[in-house]
Structures are given as C-alpha cells and as structure tokens.
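A.B. asks: just the structure for this:
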Amino acid sequence: MLWTPSGKPTQIHALCRHVQNTGPQLPNFDALQAYAVEQPGPFWRAFWEWSGVLGEPGDTDLVLGERMQDARFFPQGRLNFAQNLLRRRDDADALIYRGEDGSRRTMSFASLAQQVASVASSLRALGIEPGDRIAAYIPNIPETIVAALATAAVGAVWSSCSPDFGVNGVLDRFGQITPKILFTVDSYHYAGKVHNVLDKALDVAESIDSLERIIVFSHVDATWRADDARVQSWESLLHSSAELEFTPRAFNDPLYIMFSSGTTGAPKCIVHSIGGTLLKQLSEHRLHCDIGRDDRVFYFSTCGWMMWNW
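C.D. replies: Predicted coordinates for the structure are as follows:
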C-alpha cells in the first residue's frame, strides 16, 4: 500500500509562515528552498528562532571566507547540544530498546535526564573538561545515548566505534584523537551468539596512552572482570543527587569526531560542530521527515556509522 499525504499542514509550511512574518513571502517549497540557498544566513537564523533552539546566536549570521570551508555560521553563537535534546523531563518514553535476545527496556525523558546528570557530574569529577575527547567502543544501547549526551553536556567531544570492529580498526580511529575516557561493554549479542568486547577494549587501551579511565557497562555478563586499574563500572557513575548542568560552548566548537571508511588508506577524522550538527539534524528531522512531538523514530544502526549520530 502506498503512502498518500493527509493534506495536514507540515512543519515546512509552519516555517514559511514564520519567515513571512518579518521577511519575504514564501508561497511554496520552491520559494523556501531558493531563500535558503540565496540567503543562508537569514534562513538559518529564522530556522533557529522557529525551532526554539536554546542558546544565543549572536549578532552575525554568517562570515564568508576565501573558500567554502572557511565560512562560519553564527561565529558569536553559544549553546549546548545536550541541553537542547533534554528539555523534556516527563515520564513519557524517550527510548525504547529491543535486544536480539528478546529483552525490552524503556527509559523515560525524566530518567534519561537524570542519568545524563549523573554521568556528566562523574565525568567532571574525573577531570573531563570542554574539548577533551571521549571514545566509545559499544553497541547501540540506551547507555550509549546517555554517555554521548553526558559528553555533550560537559562540552567534551564524542567519538564511537562499533563493537564488531577489530582492535586494529579501532586503533586506526581512536589512536588519532587522544581520548581520556573509553566507554565499552562486556559483550553483545549478534546472530544468536555472544561476542566478547571487553578483551578487545583492553587491548585497545594498552596502545592509547592518553586513556585515563575505561568505563564498562554490564550488558550481557554481570560477572566480568578486568585486570586494569583504570577500569570502573558504569554503575559507579550513577548517583541520584546530581544536578543537570550544561557547559555553554561556541557554535563552531567540535561535538563529534567521525571517520571515513578507511578503504583508501587510514580512516580520516571528520569533525562536526555543535551548532551545525544541531541545526542540520533539526532541519532534517522536522522539515524533511516532519517528525513531531510523540512521534516514534526507528533507525537500525551500529555506533560505527554516522546514522547512529543522526
């Protein structure tokens, strides 16, 4: 059965109406697209305002450079990525997880915010500062999202690899970015089998001198052991009294480090900015996909692919 549009106004229409309040008339999608291409600074400022981004954009929309890659949007802007994702704090489901073993877990918006508060507070106590790199060698589970948002809350930089990567593949990536923290799990399920991750993670840690802590979540086997003084459990990061605090960062400061595939030499680091990631993903979710409050989004992805970050 083919999908047919309902005729209900979309969020694109709502954005057009917002722009028309103080700017040009945008009678259709083609007009909106032309406005975005011809006036990128005013367009993204209008989108910032319409989508309710938390933060300060500053007075300047866009500074052009000699080359395209030298351009900077909102050079005076300040915001925090995690603050924008965690503004909802009720008991509705934020995450619904299903494991290959048949397990099912949910996490409410309130619980997600509290866990992020705990982990972010623990990261600060471990000495993590804005700009520090945090790596994750971990499957796509709720704790991964908590760790990524806690990283963003403190202003640090997140990078992840899928647990099916071999040790050399992980070192080709994390070996370039001098991470201070490595998140990992004991094991994971795939194709009806349990695959060990912790042993590989410890092998990775031996070759990265910058690592100060290895934080392990008990995903399959709660009886895991690790003979490394830097190892501590995920549970040791959680404490209910933590307050949710967000460190403001510059719009163009780094949020994620992702990597090319490595098929033509060593993987290349690809740095994504805080503000650029937030605005672009918001536009894709809300305008391209018309995702709204209480809609459910399913995307099957490992943490070694950029679609996990999306």
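A.B. asks: quick one: residue 145 is in a helix?
C.D. replies: Yes - under the criterion used here (DSSP: H, G, I helix; E, B strand; the rest coil), residue 145 sits inside a helix.
A.B. asks: contacts only, for it.
C.D. replies: Listed by Cβ atoms under 8 Å, 6 or more residues apart in numbering, the contact partners of residue 145 are 95, 112. Bear in mind the C-beta positions are built from the backbone N, C-alpha and C, glycine included.
A.B. asks: which pLDDT value goes with it?
C.D. replies: For residue 145, the model assigns a pLDDT of 97.
A.B. asks: repeat that for residue 279.
C.D. replies: As summarised for this prediction, residue 279 has a pLDDT of 98.
A.B. asks: residues in contact with whichever helix or strand it is part of: which ones?
C.D. replies: Residue 279 belongs to helix 274-283 when elements are defined using DSSP states H and E. When contacts are taken as Cβ under 8 Å, 6+ apart, the neighbours of helix 274-283 outside the stretch itself are 44, 47-48, 51, 53, 55, 73-74, 77, 79-81, 84, 152, 249-256, 309-310.
A.B. asks: so of those, which ones are in strands?
C.D. replies: Secondary structure assignment by DSSP state E places 55, 73, 79, 249-250, 254-256 of the contacts of helix 274-283 in strands.
A.B. asks: output the residues you listed in a markdown table, with neighbour count and distance to residue 229 appended to each entry.
C.D. replies: Listed next are the ones in strands among the contacts of helix 274-283 as a markdown table, based on neighbours: other Cβ atoms under 10 Å; distance: Cβ to Cβ, whole Å:
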| residue | neighbour count | distance to residue 229 |
| --- | --- | --- |
| 55 | 21 | 39 |
| 73 | 21 | 44 |
| 79 | 23 | 37 |
| 249 | 24 | 32 |
| 250 | 19 | 36 |
| 254 | 21 | 30 |
| 255 | 24 | 31 |
| 256 | 20 | 29 |
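A.B. asks: so residue 292 makes contact with residue 9?
C.D. replies: No - counting by Cβ atoms under 8 Å, no contact exists between residue 292 and residue 9, whose distance comes to 11.5 Å.
A.B. asks: what's around residue 259, how many residues?
C.D. replies: Counted with other Cβ atoms under 10 Å, residues neighbouring residue 259 total 21.
A.B. asks: same question, the one 4 residues further on
C.D. replies: Burial of residue 263, expressed as a neighbour count using other Cβ under 10 Å, amounts to 6.
A.B. asks: tell me which residues touch it, please.
C.D. replies: Taking Cβ under 8 Å, 6+ apart as the criterion, residue 263 is in contact with no other residue.
A.B. asks: from residue 169, how far off is it?
C.D. replies: Distance check for residue 263 against residue 169: by Cβ to Cβ, to the nearest Å, it reads 12 Å.
A.B. asks: show the contacting residues for residue 216.
C.D. replies: 184-186, 198, 201, 224, 226, 231-234.
A.B. asks: count of residues packed around the closest residue to residue 304 other than its chain neighbours?
C.D. replies: If you skip the residues right next to it in sequence, residue 304 has residue 162 as its closest partner in space, 3.2 Å away by Cβ to Cβ, 6 or more residues apart in numbering. For residue 162, the number of neighbouring residues by other Cβ under 10 Å comes to 19.
A.B. asks: I am finished for the moment; much appreciated.
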